[in-house]
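Q: would you be able to build a 3D model of this:
(2 chains)
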Amino acid sequence: MTCQPRAMRDVFLEQVRKAMGGDQRLFFVSADFGSPVLDKIRADFPSRFVNVGIAEQNLINISAGLALEGYIVFAYAIAPFITMRCYEQARVSLALLSEVRPLNVNLIGVGAGYSYVVSGPTHQCYEDITLMRALPNFQLLSPADHITAENLFNHCTENQGPKYLRFDAQVLPVIYDQEVPDMEIGFYVHKKGDRICLIATGYLLHTALEVAERLSGGGEEVGVIDLFNLTNYSADQLEAALKSYTGLVSLEEGFRGRGGLDSMLFEFIARRRLQATLLNLGVEPAYRFELGPRAELHEQVGIGVQSILNSLRGFRESLPM
Amino acid sequence: MNQADLQGKTHWVWRETLAIHRRAPETRLASSLSTVEIFVALYYGGVLRFNPKDPLDEQRDRCIISKGHGSICMYPILADLGYFSSEELHRVCETGSFLGGIPDPVIPGYETVNGSLGHGLGVAAGIALALKSKGSDRSVFVIVGDGELHEGACWEALMFASHHQLDNLNLIVDNNRISMLGYTDEIVSHGNLNLRLTAFGWDCSEEVDGHDVLAVRTALMQQKDRVTDKPKVLIARTLKGRGVPGLENAPLSHIINPKPELIDELLEKTR
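A: Modelled structure (predicted):
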């Protein structure tokens, strides 16, 4: 079975559109952000679609109000704006309020990491993992291909609470055309390795798989895990998947050492008393204005294939045999 | 409730609010004394539909108290109406009590998270949109302060509500003209707030003396019933710290705590 790669937002919004016909509880709110599929939603369901304009703070509060009245809400905007412009709205009206009221609000942020490649740091997003995982009750969902994004739709409607979906803005190659991961487990083991395991989220899963393939060509097998639910994964199963490794490597298209995937794994290793050393790889914390292909920008900040291979060389030598 | 009863209830709520603050000085007294008549009119004046036995009854009107810190006067009202026991009023801010210095939605009768300013109006607009979408004829009331209207998110919501013709949304501005550090006119003036809100597409009721409970009740009843295609707003002229010497209309009233002896004396004199 093969399938054409597609944009995460397109397949996810198609799921929303399909479900809206039969499920009157679904409501879609956009902060003046569109897509061809959204045009169809607007046309088909004018009474359950609203564009709040370029007003992300109001996007969140309107969504909270709709959710308090029982709607399952999908709120849609560019990733840095739906997380950072309205952070306190997400904290107060979603994370905090959901402590005492059932709320199902799903924030769809498009443009994870460098995916708006030529738009520069305003439209790129390297802080969202850190920020959204800091909010209790939020689930943070970070798919690496459109199949995962598609399958997250049911997870969103079936689970109460606020969620943040960080979607890549680009069409990424298909990863899960053979087997779809279990959305409730929150991660997927692509490959088992000998001493080192790469744990990646979002776009960097593609990079991790390429790194693993290069190393395999040289006779070294490293494990690869896709962590697509950064908050509500099965901790016992993740521990079991990680415990045989002495070296773990976190790979994220977000600032390194600032509370993102790497912090989550540092905490996990400490809490579960794993005997592993973690090498955390991410974007060196700085705002940069260079233009170029995404892979090249990644090399500049330490998360390109070659940069990772270089980092792994020293890391491997530092590990106990 | 007849006129005399409404006025009597207002006086009782004012005294109870003082008494709570006497026991729990962490509560914001001045802000809570500018809203007494507004809440008495809403809850005793026949304006709001509510159900203390089922606080989230689908048939209730929604009341979003955005300036939560300034609604300590709601504690005696909610207890009096049967949302919770009056004994709770003696435990405000104490360990184990659900009545804190800034009301949270763990209190029966409170709908949303309040006190972090600038959120209530947007959430209320979302609720109003949802009610219309569901075909409900219930109303939404939301209480903000004029200082709170410095928050930009309020104006996002004001634009949204008029564009969507949310005529089931009723905004009440507790216009005490003082925020934390002084008079709002001297901080960032709203100019003519009535004109501003009209320009934003709202149906503005005639401004009212916010300490005349009968006038507030009449204005809210008329506003609620008025047929229009706009969201509606009532600006209530109020005084922060109303009735407390040294506190009333003092620029720093938000952070002044009157001496306990002064409160005792006032409570004795107004018995």
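Q: only C-alpha atoms for contact and neighbour calcs from this point on.
A: Fine.
Q: and A:Met8, what pLDDT?
A: If you check A:Met8, the pLDDT there is 98.
Q: nearest residue to it other than its sequence neighbours?
A: A:His146 (4.4 Å; Cα to Cα, 6 or more residues apart in numbering or on different chains).
Q: with B:Ser205 instead?
A: B:Leu234 (5.2 Å).
Q: that neighbour belongs to a helix, doesn't it?
A: No. Counting by DSSP: H, G, I helix; E, B strand; the rest coil, B:Leu234 is not part of a helix but strand.
Q: need the contact list for it.
A: B:Asn170, B:Leu171, B:Ile172, B:Val173, B:Cys204, B:Ser205, B:Glu206, B:Glu207, B:Val208, B:Ala219, B:Leu220, B:Gln223 (Cα atoms under 8 Å, 6 or more residues apart in numbering or on different chains).
Q: my guess is the fifth one meets B:Val233, correct?
A: Okay, so that is B:Cys204. Yes. When contacts are counted by Cα atoms under 8 Å, B:Cys204 is listed as touching B:Val233 (5.0 Å).
Q: neighbour count for these two, which is higher?
A: B:Val233 (26 against 21; other Cα atoms under 10 Å in any protein chain shown).
Q: who does the more buried one bridge with?
A: B:Leu171, B:Cys204 (DSSP bridges).
Q: contacts only, for B:Ala250.
A: Applying Cα under 8 Å, 6+ apart, the residues contacting B:Ala250 are B:Lys240, B:Gly241.
Q: and it, what are its phi and psi?
A: Phi and psi for B:Ala250, reported as degrees, to the nearest 10, are phi -80, psi 140.
Q: picking up where we left off before, and the residue nearest to B:Ser205, how far is that from B:Asp209?
A: For B:Leu234, the distance to B:Asp209 equals 11 Å [Cα to Cα, to the nearest Å].
Q: which residues of the stretch 1-150 of chain A lie near chain B?
A: A:47-48, A:52, A:55, A:57-58, A:61-66, A:68-69, A:71, A:89, A:92-93, A:96-97, A:100 (Cα under 8 Å from any Cα of the partner chain).
Q: on that earlier part again, report the buried members of the contacts of B:Leu234.
A: B:Asn170, B:Leu171, B:Ile172, B:Val173, B:Cys204, B:Ser205, B:Glu207, B:Val208, B:Ala219, B:Leu220, B:Gln223 (16 or more other Cα atoms under 10 Å in any protein chain shown).
Q: pipe those residues into TSV and attach distance to B:Leu117 per row.
A: Shown next, in TSV, are those (distance: Cα to Cα, whole Å):
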residue	distance to B:Leu117
B:Asn170	18
B:Leu171	15
B:Ile172	15
B:Val173	13
B:Cys204	22
B:Ser205	24
B:Glu207	23
B:Val208	23
B:Ala219	25
B:Leu220	23
B:Gln223	25
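Q: how about JSON lines for these, with pLDDT added?
A: Converted to JSON lines, these look like this (pLDDT from 0 to 100):
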{"residue": "B:Asn170", "pLDDT": "98"}
{"residue": "B:Leu171", "pLDDT": "98"}
{"residue": "B:Ile172", "pLDDT": "98"}
{"residue": "B:Val173", "pLDDT": "98"}
{"residue": "B:Cys204", "pLDDT": "98"}
{"residue": "B:Ser205", "pLDDT": "96"}
{"residue": "B:Glu207", "pLDDT": "97"}
{"residue": "B:Val208", "pLDDT": "98"}
{"residue": "B:Ala219", "pLDDT": "98"}
{"residue": "B:Leu220", "pLDDT": "98"}
{"residue": "B:Gln223", "pLDDT": "97"}
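Q: closest to A:Cys125 out of those?
A: B:Leu171 (36.6 Å; Cα to Cα).
Q: thinking the closest one is in contact with B:Lys230, fair?
A: No. Contact criterion Cα under 8 Å: B:Leu171 and B:Lys230 do not qualify, at 11.5 Å.
Q: now the end-to-end length of stretch B:163-173.
A: With Cα to Cα, one end of stretch B:163-173 sits 20 Å from the other.
Q: return the distance of that stretch from the chain's centre.
A: Offset of stretch B:163-173 from its chain centre (Cα atoms, centre = their mean, to the nearest Å): 16 Å.
Q: what's it in contact with?
A: B:121, B:124-125, B:128-129, B:132, B:137-146, B:161, B:201, B:223-224, B:228-236.
Q: let's see that with 7 Å instead.
A: B:125, B:128-129, B:139-146, B:228-236 (Cα atoms under 7 Å, 6 or more residues apart in numbering or on different chains).
Q: the nearest residue in space to B:Leu42 that is not next to it in sequence: which element?
A: Nearest residue to B:Leu42, sequence neighbours excluded (Cα to Cα, 6+ apart): B:Leu48, at 5.5 Å. Applying DSSP states H and E as the criterion places B:Leu48 outside every helix and strand.
Q: just confirm B:Leu48 contacts B:Asp61, I think it does.
A: Yes. Between B:Leu48 and B:Asp61 a contact is recorded at 6.0 Å, counting by Cα atoms under 7 Å.
Q: selecting buried members of the residues of the stretch 1-150 of chain A next to chain B in ChimeraX, what would you type?
A: Per 16+ other Cα under 10 Å, the buried members of the residues of the stretch 1-150 of chain A next to chain B correspond to this ChimeraX selection:
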select /A:48,52,55,57,58,61,62,63,64,65,66,68,69,71,89,92,93,96,97
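Q: list the ones among the residues of the stretch 1-150 of chain A next to chain B that fall in helices.
A: Counting by DSSP state H, those place A:Gln57, A:Asn58, A:Asn61, A:Ile62, A:Ser63, A:Ala64, A:Gly65, A:Leu66, A:Leu68, A:Gln89 in helices.
Q: which of those lies closest to A:Gln24?
A: Out of those, the member with the shortest distance to A:Gln24 (by Cα to Cα) is A:Leu66, at 12.7 Å.
Q: and the pLDDT for that closest one?
A: pLDDT at A:Leu66 comes out at 98.
Q: just how off-centre is stretch A:182-190 within its chain?
A: With Cα atoms, centre = their mean, you get 13 Å for stretch A:182-190.
Q: which residues touch it?
A: A:Leu152, A:His155, A:Pro181, A:Val224, A:Ile225, A:Asp226, A:Leu227, A:Phe228, A:Asn229, A:Asn232, A:Tyr233, A:Ser234.
Q: who does the spatially closest residue to the third one that is not a sequence neighbour bridge with?
A: If you skip the residues right next to it in sequence, A:Pro181 has A:Tyr188 as its closest partner in space, 6.0 Å away by Cα to Cα, 6+ apart. The bridge-partner assignment for A:Tyr188, based on DSSP bridges, gives A:Asp226.
Q: how many neighbours does A:Tyr188 have?
A: 18.
Q: where's it relative to A:Pro173, distance?
A: For A:Tyr188 relative to A:Pro173 (Cα to Cα), the value is 17 Å.
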